[in-house]
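Quick one: sequence and predicted model below, then my questions.
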Amino acid sequence: MNGRSGRVTQRHLAALVTSALLFATATATAQQPAPGEPRIGDEPDPWKADGGAAQPVASDPAREADPPPIPPPPPPDPEPPTSTSGSALTPSSSETRLVPGPAARGPRGDARLMRGQDARIRALERRLRVQDERLRALERSRGIWNHLTFGGFVQPQLVVNSYNTAASPSAGTNGGLPDGIAANDVVARADGTTSNTTSFRMRRTRLRTKYETESMRLFVQLDVLPVGGFAPGVGSIVRNAEATGIARWSRDVRTEIGAGVIFLPLRGEMLEQADTRNFAERTSAVLNMAPGERDLGVHARTLALRDRLLVDVGVVNGQRIGQATWVATPDLNKSKDVYAYLSYELGVATLGVSGYLGRGERVDGQRLAFKQFRRWLVNYMGKVHYKVVPALGESRLLIEFALTQNMDTGINYAFAAPAIPVDFRQNVTNLDGRAVYIRAEQELTKWAELGLRYDSYTPDTTDRGNDRDTFAAVATLRFTQNLKWMNEVDYTIDDIRPTGAPKPSREIFTYSSILQARF
């Protein structure tokens, strides 16, 4: 063993000897605890549930030399720990708990929060009161203008007609054309006019005004220019003049009771305003049974279920606007006519039915004869609207079918109304009629629309083929919301004739171009 290794060995031996002596001395001087005294480590645990106080222990040098015991860990915090940046350090439990913020903890925090909310609510209420007072002041300053509105539209029209020989307006009293005159040639008439039917004209020059409140409405509508009337020399025409009281039974149900010159809803198409429909002229059934589409009377109209349900019942004179005696004698008999109209909207479809019951009359001025007869109508209506191609717009289909008896007014065909029998004591011969109407329309975006229509009218079904059939097509261009251009083409086959007469086979071609502007 070299010197360095020997020195290390001697140090190790000296350290072992010293440690052994110290251990022996400590063992010899240690004392056992007296009986009944607690041993080291037997003192009560202050974290135990009994919470007992620690008992005194004897002085022990070894115990006093030991380091103090490590306290047990604190109980777990009920809230999940977070890092200084606010991210959760432990996964959230499956049970979601709302932990109140510091301001909301305790009764003082709750009181401060409630006081702040009350202050904000009071401030908002003050602002609302100020705005409400300003609105009322503005309404008072406007006066009548709060409830009064004006509107109107004009329809300058170009009409071009073409006829076959049977339908020519140039035909003589015997139904034939003069020698050398073609069907579309113009000839003179005894009243100073001619047979020309191709011209520009003002189809409608209409002004309307409405005053409406929660409980009443006044509506007046006029055609103001002396052209486009029902007969030569007819000037300004009243279209509507109605006073209405409104009873609101609930937020969703109301009844409107009106009197005056009112719409006559014999068919669904008659409720379409002239400035909203694409086909300018009414169907043949309306033009013959209800020229002017209006009558004098009173009606009650009830709307419910967000206006999806409409019920309209009325009592009218029975003389339509456009009949010869409407102004001089509004009703030629004492009895009044009644009507009812019902429609219900089922989403994309609307179904309706209407009925009319009254008494008509014929007057023979030469014989001074006056004959009355019963007349009635039942009409069924179905309408569907749906966006088959959403990019184009809405598609619409309307179908109506009517059965009638003695409903023709005789304004276009004198023989279509019941005649006074030779034996005045006998009843008139009833004329059963029929009317069919089919219309399809397709929007082409908001700028254009196309439409097709077929209508057939028969005043007397006992004579086969006694009808007027019209095939029509229309193209509408919309330049703005209030300016549109309507171009319509009609082809009509008119075989209406007196019972037993040969079929006339009248054919009429009509082109109509209307530029409509409204406000």
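On my side now, so go ahead.

wouldn't residue 483 be in contact with residue 517 here?
Yes. Counting by CB atoms under 8 Å, residue 483 does reach residue 517; the two are 5.2 Å apart. Every C-beta, even on glycine, is put in place using the N, C-alpha and C of the backbone.

what about these two, which has more around it?
residue 517 (15 against 12; other CB atoms under 10 Å).

so what's the more buried one up against?
Residue 517 makes contacts with 153-154, 482-483, as judged by CB atoms under 8 Å, 6 or more residues apart in numbering.

who wins for neighbours among those?
The member of the contacts of residue 517 surrounded by the most neighbours (other CB under 10 Å) is residue 154, with 20 neighbours in all.

partner residues bridging it?
Counting by DSSP bridges, residue 154 is bridged to residue 205, residue 517.

which residues sit in contact with it?
For residue 154, the contact set (CB under 8 Å, 6+ apart) comprises 202, 204-206, 516-518.

What segments of the chain are helices?
If DSSP state H is used as the criterion, the helices of the chain fall at 3-29, 61-65, 106-142, 284-289.

which ones are touching residue 435?
Contacts for residue 435 were tallied using CB under 8 Å, 6+ apart; they are 267, 283-285, 289, 379, 400-402, 404, 455-458.

For stretch 293-310, buried residues please.
For stretch 293-310, burial by neighbour count (16 or more other CB atoms under 10 Å) applies to 293-299, 301-304, 310.

mind saving the C-alpha coords of that stretch as CSV?
Output of stretch 293-310 as CSV, limited to C-alpha atoms (Å, rounded to 0.1, in the frame of the first residue of the first chain):
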residue,chain,number,x,y,z
GLU,A,293,-117.4,45.4,-61.1
ARG,A,294,-119.2,47.7,-58.6
ASP,A,295,-122.6,48.3,-57.1
LEU,A,296,-124.3,50.5,-54.5
GLY,A,297,-125.0,48.9,-51.2
VAL,A,298,-123.7,47.9,-47.8
HIS,A,299,-121.5,45.0,-46.7
ALA,A,300,-119.6,43.5,-43.8
ARG,A,301,-116.2,42.0,-44.3
THR,A,302,-114.5,40.0,-41.5
LEU,A,303,-110.8,39.1,-41.5
ALA,A,304,-109.2,36.6,-39.1
LEU,A,305,-106.3,34.3,-38.6
ARG,A,306,-103.8,36.8,-39.8
ASP,A,307,-106.0,37.8,-42.7
ARG,A,308,-105.9,34.3,-44.1
LEU,A,309,-109.7,33.9,-43.5
LEU,A,310,-112.0,36.4,-45.4
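
From the chain's centroid, how far away is stretch 290-300?
Its chain's C-alpha centre and that of stretch 290-300 lie 26 Å apart, by CA atoms, centre = their mean, to the nearest Å.

again, but for stretch 195-215
Taking CA atoms, centre = their mean, the mean C-alpha location of stretch 195-215 is offset from the chain mean by 26 Å.

try stretch 410-429
Counting by CA atoms, centre = their mean, stretch 410-429 comes out at 46 Å from the chain centroid.

and for that stretch, what are the contacting residues?
By CB under 8 Å, 6+ apart, the surrounding residues in contact with stretch 410-429 are 287-288, 291, 322-324, 360, 362, 364, 367, 369, 371, 373, 406, 408-409, 430-431, 459-460, 496-499.

Show me which of those residues are buried.
Judged by neighbour count, with 16+ other CB under 10 Å as the criterion, the buried members of the contacts of stretch 410-429 are 287-288, 291, 322-323, 360, 362, 371, 373, 406, 408-409, 431, 459-460, 496-497.

circling back: could you tell me which of the contacts of residue 435 count as buried?
Applying 16+ other CB under 10 Å to the contacts of residue 435 flags 267, 283-285, 289, 379, 400, 402, 404, 455-458 as buried.

So which of the residues you listed belong to strands?
Assigned to strands by DSSP state E, the following of the buried ones among the contacts of residue 435 qualify: 379, 400, 402, 404, 455-458.

Quick check: nearest residue in space to residue 485, chain neighbours excluded?
Distance criterion CB to CB, 6 or more residues apart in numbering; nearest residue to residue 485, sequence neighbours excluded, is residue 477 at 4.7 Å.

Distance of the one you found relative to residue 130?
From residue 477 across to residue 130, the span is 49 Å (CB to CB, to the nearest Å).

And the strands in the stretch 401-519 of the chain?
Using DSSP state E, counting those that start in this stretch, the strands of the stretch 401-519 of the chain run over residues 432-444, 448-458, 468-480, 483-494, 506-518.
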